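**Q** Need a 3D model of the following:
(2 chains)
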Amino acid sequence: MAVLKRTIAAVAVSLVAASLLAACGRDASHPSPGSDANAEVAELAALPWDSLVARARGTTVTWRKWRGDPAINAFVDGWVAPRLRERYDITLEAVEGQGAELVNQLVLEREAGRGRGTASLVWINGETFAQLRAESLLAGPWSGVLPSSAYVDSASPIISRDFEQDPAGFESPWGTVQFALIHDSVRMPEPPRTFDELAAWIRAHPGRFTHDQAFSGVTFLKMLMYAKGGGVEAFAGGFGDERYARGRTAVFGWLDSLRGAFWRGGATYPPDVAAMHRLFANGEIDLSMSNNQHDVVNKIRQGVLPPTARAFVLRDGTIANTHYVGIPFNAPNPAGAMVVADLLLSPEAQLEKLKPEVWADGTVLDVTRVPEPWRAQFAALADDPRAIPRDTLARYARPEVSPRYHERLQADWRAWVRGDGAP
Amino acid sequence: MRANIPPRRARPAWTWAALVALTLSTLLPLAVLVLQSLATSWRWPLLLPDDYTAAGWRTVASGALGRSALTSALLAMATALASVLAALPIGRSLATLRAPWRHVAAALVFLPVAAPPIALGAGLQVATLQLGVAGSAVGVWLAHCVPAIGYAALLFMGVFGARGRDDEEAARSLGASGLQVWWHVLLPSVRGVIVEALAICFLISWAQVALTLLIGGGAVRALPIEVLALVRAGQDRDAAVGALLLVVPAMLALSALRFGARRTDALPA
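**A** Below is the predicted model:
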């Protein structure tokens, strides 16, 4: 019996040891101990950029980000990662994780109280940034140290404010998107251009319109709140209960009057944009939507949307927002994370991901200030006939308001769908 | 024995109908997956895709799907091996317990199996974080072993309990050591069940989503995680490829299970 126990123990130990060795080989770049990266970030921020880059050389950066879009994954794994390796000898590990998952993970890591965490960079904005900041789970300030931050279009309120919050150096902008509706240029050559036209169209075509339950759907409702509740100005400048109550009345009044004409009588809604795109592509509904105005080009190429799909914006205004990268309070490699954030912000990377065949994610740089040859290339890209013209987008762009509006709308919408009385 | 077998009768028509329905319900979804995995796009009202591409399958060799299939296979094999090794002595010890304690112990062993993976995962997440293996394949492997050991231990407990200790005591009285008893008496008597347990533990790990997500923290890209992400992103072609990759080893493991079961008569053949 004793011999057997020893055998089992030996096998178990060698299994664990072998796997541990395998795992350590992957993660052997934690530069310094201590659970808090804040002190290290402050120290790094005071260094000349070249010294910081020297410190980052030869390390691994684990970046926790949404991995749901193959086009974005291809850009990160196939364009960003090889350049980091060639120029800085940095290994980039992009792993899955977004929104509430990110926050929970960091809270748990803090509770477990175990030195440095697992991720050095996180992809965030809006409510996630608000939650991480409220819980002091981000290190900073650091974003002003990045050389490429000199070109950021800081005059744009859509970039310099994240859902009205001051990034305050705790997150660095990476890209910007603007909400657009999607129609089929053959099935529906003249799409509705305002919420009133949309309402008339929905009444005339029952069962052909819906929105999803996730981020895009709530953004659509928020745009409706702006349009019917007195414009974005009525909600700007922080959350107000009374102002929200007025917006809510406007939103649910509009929805109540149309619900019966929604897809499936408004009893059920697609869970996310992907499901809504599927309904649209299969001809079950006539309009889809996306948080990214250029997404349609990308999705046509992937075969998700038909080749005749086109994006358009409502003249009532469409919400534009910016997404950022942040460094967690327990980041194992903040120096490497800052080098990655700088490459993401460089004119070269910003131009690459703006290309419709790459990702079509909007740039956060002021393209009139970037050096040549990038300036000319940005200008050439703006003339792409498939894209919505830049000045059209800019004219109808509306900023985000406090993330509380988003949260409340989402909660109240769920109650409304369940039929818990009109809120 | 032979007298007990009822005389062979012609199967009634409805069993054939049921058989055909069962076959179709198994094969049709697989056929849809195969078509979807090869379609460039496949939209209503087309009965079949209008154009085909091998792009989805190429990602198996070159991209994330292939890597995650490998990760899953290694994880599942390591889980099966470690869990069966741990469950053999556990099952044996449980089988020797007396009546009330035996039931208590069985309930305890079954707890990680019966508990919802999220509840189990929350505790395991803190434990693996403290061990410093969260977000790594080792942490996920340890987490997968928890429900797998539960299943396998129960299985062995049943078999050892049913066999009784007569053979073992006979071997002991003839001077066999502990190891000799295991090697020459206990293990041969449960050989079929070991195959079965390996297959079940492999499948528990292979199909695991909640524990992998919680413990792996997104860093361990097992196949089910990758497939879910693709479905959520609306990448139906790649998702279909991944789904087929998920199904094939599961079917192999199931046939191993049938094979093992037949050898020991643990299930009706």
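**Q** Does chain A have contacts with whichever strand or helix holds residue B:188?
**A** Assigned by DSSP states H and E, residue B:188 belongs to helix B:187-189. No: using Cβ under 8 Å from any Cβ of the partner chain, we find that helix B:187-189 stays clear of chain A, coming within 10.1 Å at best. Bear in mind the C-beta positions are built from the backbone N, C-alpha and C, glycine included.
**Q** ok, and what's touching that helix?
**A** By Cβ atoms under 8 Å, 6 or more residues apart in numbering or on different chains, the surrounding residues in contact with helix B:187-189 are B:88, B:159, B:163, B:167, B:194.
**Q** Buried among those? Need that as a selection in ChimeraX.
**A** Per 16 or more other Cβ atoms under 10 Å in any protein chain shown, the buried members of the contacts of helix B:187-189 correspond to this ChimeraX selection:
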select /B:88,159,194
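**Q** Please name whichever of the contacts of helix B:187-189 scores lowest on pLDDT.
**A** When the contacts of helix B:187-189 are compared by pLDDT, residue B:163 scores lowest at 77.
**Q** residues in contact with that residue?
**A** B:189, B:190.
**Q** In the stretch 251-400 of chain A, which residue sits closest to chain B?
**A** residue A:274 (2.9 Å; Cβ to the nearest Cβ).
**Q** Tell me which helix or strand that residue sits in.
**A** Short version, using DSSP H and E: residue A:274 is in helix A:273-281.
**Q** chain center to that helix: distance?
**A** On the basis of Cα atoms, centre = their mean, to the nearest Å, helix A:273-281 sits 19 Å off its chain's mean C-alpha point.
**Q** Following element in sequence after it, please.
**A** Downstream of helix A:273-281 (by DSSP H and E), the next one is strand A:288-290.
**Q** From the contact counts, what lies against that following strand?
**A** strand A:180-184, helix A:215-228, helix A:273-281 (3 or more Cβ pairs under 8 Å, 6 or more residues apart in numbering or on different chains; DSSP states H and E).
**Q** Serialize those to a markdown table and add fields for mean pLDDT and mean neighbour count.
**A** Output for the helices and strands packed on strand A:288-290, formatted as a markdown table (pLDDT from 0 to 100; neighbours: other Cβ atoms under 10 Å in any protein chain shown):
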| stretch | mean pLDDT | mean neighbour count |
| --- | --- | --- |
| strand A:180-184 | 96 | 22 |
| helix A:215-228 | 95 | 22 |
| helix A:273-281 | 92 | 23 |
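**Q** tell me the centre residue of chain B?
**A** In chain B, the centroid-proximal residue (Cα atoms, centre = their mean) is residue B:203; its distance is 1.7 Å.
**Q** Out of the helices and strands packed on strand A:288-290, which is closest to residue A:40?
**A** Nearest to residue A:40, of all the helices and strands packed on strand A:288-290, is helix A:215-228, at 33.0 Å by Cβ to Cβ.
**Q** quick one, strands of chain A?
**A** A:60-65, A:91-96, A:121-124, A:171-178, A:180-184, A:288-290, A:309-312, A:318-326, A:397-398 (DSSP state E).
**Q** would CSV of these with distance to residue B:69 be doable?
**A** Converted to CSV, the strands of chain A look like this (distance: least, Cβ to Cβ, whole Å):
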stretch, distance to residue B:69
strand A:60-65, 22
strand A:91-96, 16
strand A:121-124, 26
strand A:171-178, 31
strand A:180-184, 34
strand A:288-290, 31
strand A:309-312, 32
strand A:318-326, 30
strand A:397-398, 43
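**Q** winner for burial among those?
**A** Per-stretch averages of neighbours, counted by mean count of other Cβ atoms under 10 Å in any protein chain shown, single out strand A:121-124 among these, with a mean of 27.
**Q** ok, and what's touching that strand?
**A** By Cβ under 8 Å, 6+ apart, strand A:121-124 touches A:61-66, A:97-98, A:102, A:132, A:171, A:174, A:323-328, A:331, A:337, A:340-341.
**Q** Quick check: the gap between residue A:215 and residue A:290.
**A** Using Cβ to Cβ, to the nearest Å, we find residue A:215 at a distance of 10 Å from residue A:290.
**Q** Check residue B:109 too.
**A** 49 Å.
**Q** do residue A:300 as well
**A** 12 Å.
**Q** cool, and residue B:249?
**A** In terms of Cβ to Cβ, residue B:249 sits 36 Å off from residue A:290.
**Q** And for residue B:20?
**A** 44 Å.
**Q** before we move on, what about residue A:176?
**A** As judged by Cβ to Cβ, residue A:176 and residue A:290 stand 14 Å apart.
**Q** before we move on, what about residue B:193?
**A** Separation of residue B:193 from residue A:290 (Cβ to Cβ): 53 Å.
**Q** Same question for residue A:281.
**A** Residue A:281 is 13 Å from residue A:290, by Cβ to Cβ.
**Q** For residue A:199, which non-adjacent residue is spatially closest?
**A** Residue nearest to residue A:199 in three dimensions, not counting chain neighbours: residue A:258, with 6.0 Å by Cβ to Cβ, 6 or more residues apart in numbering or on different chains.
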